[in-house]
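Asks: When you get a sec, could you give me coordinates for this:
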Amino acid sequence: MRRLSILVLLLCSTFVHAELPETDWLDLMPPEDQRALEAMPEISHDTPEAGGTFTSKGGLKQPQGLPAVMYSAKTVAAMDGKRIRIGGYPVPLESNDKGDSTLFFLVPYPGACIHVPPPPPNQLILVRYPQGIRLDDIYTPLWVSGGLKVEQVSNDLADAAYALDASQVRVVQEDDL
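Replies: Model (predicted):
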């Protein structure tokens with residue numbers, strides 16, 4: 001009986017500490033948005049922001065005149081409340097007194113904060129992580145795990161269609177690839 005109890009405890013701790021399967025960014029877009037994105041013409045990155053200069057409010061906000069899919073905040077209802085693990089790059093918003101980021105946008109590709117146009121709102125996730133993580137480089141990829149919510153978020157920097165209360169945030173390691 002004791003061996004069975006130990007085996008059950010080991011199995012339970014394995015499941016508790018096992019990482020969630022990876023969620024793909026395209027899982028956050030409805031199929032019609034995926035098709036529209038695939039059919040979209042090439043977009044020019046020739047703007048002042050592309051050089052890293054943000055002279056007006058907007059930051060990650062979409063400029064006018066792009067194809068409609070680039071403004072899409074359409075979400076996938078089945079993702080609401082789902083526990084996910086997703087890889088991406090941070091755009092820091094708030095930090096604690098130690099300088100660790102506690103609130104940031106997660107974006108699907110590096111440099112989304114300086115290369116415009118930014119991803120559509122349904123490809124931006126506001127991450128809340130009260131524990132905080134040291135972010136020395138916005139080009140460092142992260143794994144973020146936690147409960148995803150369909151939640152419209154808008155601030156001076158960006159609009160997002162999802163928010164995630166993170167239970168774990170960690171830097172992607174070479175072994176993960």
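
Asks: what residue lies at the spatial centre of this protein?
Replies: residue 106 (2.9 Å; C-alpha atoms, centre = their mean).

Asks: Hmm, residue 142 and it touching each other?
Replies: Yes - in this structure, residue 106 is within contact of residue 142 by C-beta atoms under 8 Å, at 7.0 Å. (C-beta placed from N, C-alpha, C; glycine too.)

Asks: what's the overlap in contacts for those two?
Replies: Common contacts of residue 106 and residue 142 (C-beta atoms under 8 Å, 6 or more residues apart in numbering): 88, 89, 90.

Asks: ok, which stretches of this structure are helices?
Replies: Using DSSP state H, the helices found in the chain span residues 2-17, 31-38.

Asks: hey, least reliable of those by pLDDT?
Replies: Per-stretch averages of pLDDT across the helices of the chain put helix 2-17 at the bottom, with a mean of 43.

Asks: List the ones among the shared contacts of residue 106 and residue 142 that fall in strands.
Replies: Of these, the ones assigned to strands by DSSP state E are 88, 89, 90.

Asks: so which of the residues you listed would you say is closest to residue 123?
Replies: residue 88 (9.3 Å; C-beta to C-beta).
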